[in-house]
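Enquirer: The amino acid sequence is not available; the structure is as follows:
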């Protein structure tokens, strides 16, 4: 007959195993049991006052979890309308013999970097498998930690915008350095606005008022462009006229004499033929000087094609004119 102490020790070893097995069996039963309410109404599982929730479904657990998290991310998708001038995308087109300037107005729909960072705190907390093997997953995100992260991001971006604007107005050693700082401030301000939109989602509509907004930064950029007063120099009269038009598009005054000089040059290779197509390739160079000092210099490749070689020169000029305002702004605001 076993000693009572031995029987007690054996029971102590077996009981935890039985409890574990029972838990696994119950979990397996629940995964194929009746449909939980959260599958159709995710908000029923966690209160909207404290959590964001989303459901995803697929034929396997990993995909279902990924889709649930992706659906959670969609809550942060915001339409950001940039109704102001996209300085790097201004284009010139010809209509009825006259040049017309068009400034793209872009509407972007995206999950901001800040939203992706906050979604690192998202968790998939429930799974359910239907009778046909379809798996649903429930993802949650606690609002309070998310709000704290957005607030930290906004504070950091506010400081960055202020520092860049202060640098541009007080310490920049050239017009290029100042304009580059303002361009970076504009991008930081756009990110800040997106972060504030995300904060309002998790903080019941409460955002943080900033010192600047995107329109104010863009006004500073326009003022910086307007204060440059450039002289244009190019050996070819057509090149000079095209550069002057690009500067006018950006609002940069053109004067006959100035220490600030913008010059351009076009190098073109011989026409190449490949099967039925003719190709004209080259490069366009812009140089920005303050007296004899080169402030910025860049070169861009250009190419056009046609089935008729005599059309290539005009197509090349049209392509350059379409891109030239963007090239000029890129040069004047380069690092």
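Expert: Received it, and whenever you're ready, just let me know what you need. None of these values were measured; they are calculated from a predicted model. Numbering: from 1, shown residues only.
Enquirer: phi, psi of residue 283?
Expert: Summarising the backbone geometry of residue 283 under the convention degrees, to the nearest 10, its torsions are phi -150, psi 150.
Enquirer: List the beta-bridge partners for it.
Expert: Applying DSSP bridges to residue 283 yields these beta-bridge partners: residue 267, residue 301.
Enquirer: hey, where'd the helices end up in this structure?
Expert: Counting by DSSP state H, the chain has these helices, from start to end: 4-31, 61-74, 113-118, 143-166, 175-202, 214-226, 237-250, 312-332.
Enquirer: so of those, which one's packed in deepest?
Expert: Highest mean neighbour count among the helices of the chain (mean count of other C-beta atoms under 10 Å): helix 175-202, with a mean of 22. C-beta here means a position set from N, CA and C on the backbone, and glycine is covered the same way.
Enquirer: for that one, packing partners?
Expert: If contacts are counted by 3 or more C-beta pairs under 8 Å, 6 or more residues apart in numbering; DSSP states H and E, helix 175-202 sits against strand 78-82, helix 113-118, helix 143-166, helix 214-226, strand 293-306, helix 312-332.
Enquirer: hmm, back to that, rank the helices of the chain by pLDDT, which is bottom?
Expert: Comparing the helices of the chain by mean pLDDT, the weakest confidence falls on helix 4-31, with a mean of 45.
Enquirer: thinking again about what came up before, would you mind telling me which of the helices and strands packed on helix 175-202 is nearest residue 57?
Expert: The minimum distance between residue 57 and the helices and strands packed on helix 175-202 falls on helix 113-118, with 22.6 Å, by C-beta to C-beta.
Enquirer: on that earlier part again, and the helices and strands packed on helix 175-202 as CSV, adding distance to residue 183?
Expert: As requested, those are arranged in CSV below (distance: least, C-beta to C-beta, whole Å):
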stretch, distance to residue 183
strand 78-82, 14
helix 113-118, 18
helix 143-166, 9
helix 214-226, 7
strand 293-306, 13
helix 312-332, 8
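Enquirer: for these, which one sits closest to residue 286?
Expert: It is, among those and with distance given as C-beta to C-beta, helix 312-332, at 4.8 Å.
Enquirer: Tell me the helices and strands packed up against that closest one.
Expert: Counting contacts by 3+ C-beta pairs under 8 Å, 6+ apart, the secondary-structure elements packed against helix 312-332 are strand 90-95, helix 175-202, helix 237-250, strand 260-268, strand 277-290, strand 293-306.
Enquirer: list the contacts for residue 203?
Expert: Contacts were defined as C-beta atoms under 8 Å, 6 or more residues apart in numbering; by that measure residue 203 touches 143, 147, 150.
Enquirer: Thought residue 201 was touching the second one, still the case?
Expert: No: with contact defined as C-beta atoms under 8 Å, residue 147 does not count as touching residue 201 (9.1 Å).
Enquirer: on that earlier part again, identify whichever of the helices and strands packed on helix 175-202 lies nearest to residue 208.
Expert: Taking C-beta to C-beta as the measure, those were each checked against residue 208, and helix 143-166 came out nearest at 5.3 Å.
Enquirer: Now find how far off-centre that closest one is within its chain.
Expert: Chain-centre distance of helix 143-166: 17 Å, with C-alpha atoms, centre = their mean, to the nearest Å.
Enquirer: which other helices and strands contact it?
Expert: Using 3+ C-beta pairs under 8 Å, 6+ apart as the contact criterion, the secondary-structure elements in contact with helix 143-166 are strand 51-58, helix 113-118, helix 175-202, helix 214-226.
Enquirer: angle of it against helix 175-202?
Expert: Between helix 143-166 and helix 175-202, the angle comes out at 160 degrees (axes from the mean of the first three to the mean of the last three C-alpha atoms, to 10 degrees).
Enquirer: what residues does helix 143-166 touch?
Expert: Surrounding helix 143-166, the residues in contact under the criterion C-beta under 8 Å, 6+ apart are 49-52, 114, 117-118, 121, 181-182, 184-185, 188-189, 191-192, 195-196, 198-199, 202-203, 208, 210-212, 217, 220.
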